[in-house]
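Curious how this folds, go ahead:
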Amino acid sequence: MRKIKLNESSNIKAAWYDTELELLDICFHSGLTYRYIGVPQKLVSLWQQAESVGSYASKVFIGKKGARPFDHVLVGITPVELEQVI
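The predicted structure is shown next:
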């Protein structure tokens, strides 16, 4: 898994991608980190070029509840962050 370069975002803090496994980890400024599964390298490359990183991620990776384009799991959260989510 390697950290990828992104334009600055008010919503997304950092991201990592594994080309072999097609796993994308997105860390949000909220402290939550989600892993998106089966993400093609081409979409990650286009994301790196996007003017709005947050908008692209929202449309392409995250999607809307009930119509998510990629399976995802929560992979990182601290106890303090957990209290804020609940």
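
counting contacts, what elements does the longest helix belonging to the chain pack onto?
Assignment by DSSP state H gives helix 41-49 as the longest helix of the chain. Using 3 or more Cβ pairs under 8 Å, 6 or more residues apart in numbering; DSSP states H and E as the contact test, the elements touching helix 41-49 are helix 53-57. (C-beta placed from N, C-alpha, C; glycine too.)

could you redo the last one with a cut-off of 10 Å?
Applying 3 or more Cβ pairs under 10 Å, 6 or more residues apart in numbering; DSSP states H and E, we find helix 41-49 packed against strand 12-18, strand 23-28, helix 53-57.

buried residues in that helix?
Going by neighbour count (16 or more other Cβ atoms under 10 Å), the buried part of helix 41-49 is Leu43, Val44, Trp47.

residues in contact with the second one?
Listed by Cβ atoms under 10 Å, 6 or more residues apart in numbering, the contact partners of Val44 are Ile4, Leu6, Ala15, Tyr17, Thr19, Glu22, Leu24, Tyr36, Val60, Phe61.

So, low pLDDT: which residues of the protein?
Low-confidence segments of the chain (pLDDT under 70): 65-69, 76-86.

and the residue nearest the centre of it, what does it touch?
Among the residues of the chain, the one closest to the centroid is Ile26, at 2.8 Å (Cα atoms, centre = their mean). By Cβ under 10 Å, 6+ apart, the contact set of Ile26 is 4, 6, 9, 11-17, 32-36, 39, 47, 53, 57, 61-62, 72, 75.

still on that earlier bit, most neighbours among the contacts of Val44, which one is it?
The most crowded member of the contacts of Val44, judged by other Cβ atoms under 10 Å, is Leu24 (26 neighbours).

that older thread, which strand residues bridge the residue nearest to the centre of the chain?
Judged by DSSP bridges, the bridge partners of Ile26 are Ala15, Tyr34.
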